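Visitor: Below are the sequence and a predicted model for it; my questions follow.
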Amino acid sequence: MGFFDKLFKRNKEQEVQKEALDEGLKKTKEGFFSKIAKAIAGKDKVDEEVLDQLEEALVAADVGVDTTIAIINRIEERVAKEKYVGTSALNEVLQDGIMSVLTDAPGNEFATFDIPAGKKPYVVLVVGVNGVGKTTTIGKLAYNYKKNGKNVLLGAADTFRAAAVDQLTIWSERVGVPIVKKEMGSDPSSVAFDAVQSAIARDVDVVIIDTAGRLHNKAHLMEELSKIRRVIGKKMPDAPHEVLLVLDGSTGQNAIEQAKQFTAVTDITALAITKLDGTAKGGVVLAIAHQFNIPVKYIGVGEKMEDLQIFNKEEFVDSLFSL
């Protein structure tokens, strides 16, 4: 039983989600803790050598240099304050250090697949490069919003790839929600406008709009996203309410580079990190949460529709350390 298991009582659904999270982070945990075990072998206290090896373990888990330094500094402060910290307490000290970097990102606490009062339809613009799981994430979002009692509509504004529209159509049918789409090559902003207009007419709660995943032409991407925002704003002045950037967690530091490029061309309000179940690089979540002033809102820990989870920093850290 992990530390946070003792603090929180979960209902049956939450227990299932926690089990999925534990399983999804298994590869990251195994690689990470094998290195920690090596770092403290034969040691009875946390000294400079332990900290150096712990630093190497964190960097190897794709936590990133800046975030690793922040965690190590937190541990050093604890060691200096308490004078003696045995290796038996290292897990607790390390959890404290990791929690400190996650807490730095504001807006991390999203309790349910719900929408703010007075934001109907709640317009979500989804961005990200091709191949990160963007369309799949949209489908899973639609499923979870619908499961939470919301009426959902999809907008297929990635009109530069026929496959993108086809894939989103398949997801709309699978989840059982309507979709607004046009022929390939259509103006993406016109699709976005029609989606919002249709959502208003149908009294829809949530409209999720897909966008093109291209970074090779940043000027074009910025222009396109800006136009979509302007056109949507003509119908709903405060929309989009959320701009969600989808990142592939299995790419490690490359995901951070993508985040840098997208945040440079548009205002991102939330992050979804996918494919954590197939990688030992789950530490990238810590790096992203620490380096960007943007909350990690969702994480993907499996292929099932339920495996897109709302990110909970306490549960995440608990899964990294639970046996």
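Guide: Thanks, I have the structure now. Numbers count the residues shown, from 1 in each chain.
Visitor: Buried by neighbour count: which residues of stretch 205-218 qualify?
Guide: Within stretch 205-218, the residues that qualify as buried are 205-213, counting by 16 or more other Cβ atoms under 10 Å. Where you see a C-beta, it was placed from the backbone N, CA and C, and this is true even at glycine.
Visitor: now stretch 224-236
Guide: Residues of stretch 224-236 classed as buried under the neighbour-count rule (16+ other Cβ under 10 Å) are 224-225, 228-229, 231-232, 235-236.
Visitor: Just confirm residue 145 contacts residue 153, I think it does.
Guide: No. Under the criterion of Cβ atoms under 8 Å, residue 145 is not in contact with residue 153, lying 10.3 Å apart.
Visitor: anything in contact with each of these two?
Guide: When contacts are counted by Cβ atoms under 8 Å, 6 or more residues apart in numbering, residue 145 and residue 153 have 206, 208 as shared neighbours.
Visitor: Next one, pLDDT for residue 299 please.
Guide: Confidence per residue is given as pLDDT, and for residue 299 that number is 92.
Visitor: same thing with the one 3 residues further on?
Guide: pLDDT recorded at residue 302 is 86.
Visitor: Could you measure from it over to residue 23?
Guide: With distances defined as Cβ to Cβ, to the nearest Å, the gap from residue 302 to residue 23 amounts to 7 Å.
Visitor: So for those two, which residues contact both of them?
Guide: When contacts are counted by Cβ under 8 Å, 6+ apart, residue 302 and residue 23 are jointly contacted by residue 277.
Visitor: Just the helices from the stretch 1-150 of the chain, written as ranges.
Guide: 12-24, 26-40, 48-60, 65-82, 90-103, 134-147 (DSSP state H, counting those that start in this stretch).
Visitor: So which of those is the most surrounded?
Guide: Ranked by average neighbour count under the criterion mean count of other Cβ atoms under 10 Å, the helices of the stretch 1-150 of the chain are headed by helix 134-147 at a mean of 23.
Visitor: ok, and what's touching that helix?
Guide: Taking Cβ under 8 Å, 6+ apart as the criterion, the residues outside helix 134-147 that touch it are 113, 124, 126-128, 152, 154, 164, 167-168, 171-172, 174-177, 205-206, 208, 210, 213, 244, 246, 272, 274, 298, 300, 305-308.
Visitor: So which residue is dead centre in the chain?
Guide: By Cα atoms, centre = their mean, the chain has its centre lying nearest to residue 272, at 2.6 Å.
Visitor: give me every residue that touches residue 55.
Guide: Contact criterion Cβ under 8 Å, 6+ apart gives 68-69, 72 as the residues in contact with residue 55.
Visitor: which one of those residues is nearest residue 258?
Guide: Proximity to residue 258 was ranked across these by Cβ to Cβ; first place goes to residue 68, at 20.2 Å.
Visitor: so how far is residue 311 from residue 203?
Guide: Taking Cβ to Cβ as the criterion, residue 203 is separated from residue 311 by 30 Å.
Visitor: quick one: which of these two has more around it?
Guide: More neighbours surround residue 311 than the other of residue 203 and residue 311, with 23 against 9 (other Cβ atoms under 10 Å).
Visitor: for the stretch 101-250 of the chain, which spans come out with low pLDDT?
Guide: The stretch 101-250 of the chain contains residues with pLDDT under 70 at 103-111, 215-218.
Visitor: If anything else comes up later, I'll come back, but that's it for now.
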